[in-house]
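1. Provided below for reference: sequence and predicted model.
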Amino acid sequence: MNVKLQSAFIAKLRFVIEKIAEDKKSAAHTFRRDILRECQSLSDFPYRCRRSIYYNDDNIRDLIFKGWTVIYKITDDEIKVFALTKYEDYKDENSL
């Protein structure tokens, strides 16, 4: 099964890499290499990651990578990696 990186994922990844590179270019290079390697490894066993907490669909999964969530969808013929997000802990409005 092929892994296809969608434009929204690529744009967010570039942004994150640029921010990391501001502090340390070698860390940015390592982050890019490792996250892309993890994305490509999804082709071996696409259902290994948890069902997405952001979508109500068994075919949409969350790959957790160094505190980041790579969101992807499994279709009949490919895996579409479409989002990269960082989990943020939002306070419940009622607790304010």
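-> Perfect, I can see it now.
2. every contact and neighbour count from this point should use C-alpha atoms.
-> OK.
3. now the helix or strand that contains Ile20: buried residues?
-> In this structure, Ile20 sits in helix 7-23 according to DSSP states H and E. By 16 or more other Cα atoms under 10 Å, the buried positions in helix 7-23 come out as Phe9, Leu13, Val16, Ile17, Ile20.
4. turn those into TSV, columns for pLDDT and distance to Phe82.
-> Putting those into TSV (pLDDT from 0 to 100; distance: Cα to Cα, whole Å) gives the following:
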residue	pLDDT	distance to Phe82
Phe9	97	5
Leu13	97	11
Val16	96	15
Ile17	97	17
Ile20	96	21
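5. between those residues, which sits nearest Asn59?
-> Phe9 (17.5 Å; Cα to Cα).
6. hang on, isn't the closest one packed against Tyr72?
-> No. Contact criterion Cα atoms under 8 Å: Phe9 and Tyr72 do not qualify, at 9.6 Å.
7. these two touch, right, Thr69 and Phe82?
-> No. Look at Thr69 against Phe82 with Cα under 8 Å: they stay out of range, at 10.8 Å.
8. please enumerate the strands of this protein.
-> Secondary structure of the chain (DSSP state E): strands located at 2-5, 50-51, 60-65, 68-74, 78-86.
9. buried stuff in the last one?
-> Taking 16+ other Cα under 10 Å as the neighbour-count basis, strand 78-86 is seen to contain the buried residues Ile79, Lys80, Val81, Phe82, Ala83, Leu84, Thr85.
10. just want the angle from it to helix 7-23.
-> Taking axes from the mean of the first three to the mean of the last three Cα atoms, to 10 degrees, one finds strand 78-86 and helix 7-23 inclined to each other by 40 degrees.
11. adjacent strands (with direction) for strand 78-86?
-> The strands that strand 78-86 pairs with in its sheet are strand 2-5 (parallel), strand 68-74 (antiparallel) (by DSSP bridges).
12. what's the longest one in contact with?
-> Around strand 68-74, the neighbours that count as contacts under Cα atoms under 8 Å, 6 or more residues apart in numbering are 46, 52, 59-64, 79-87.
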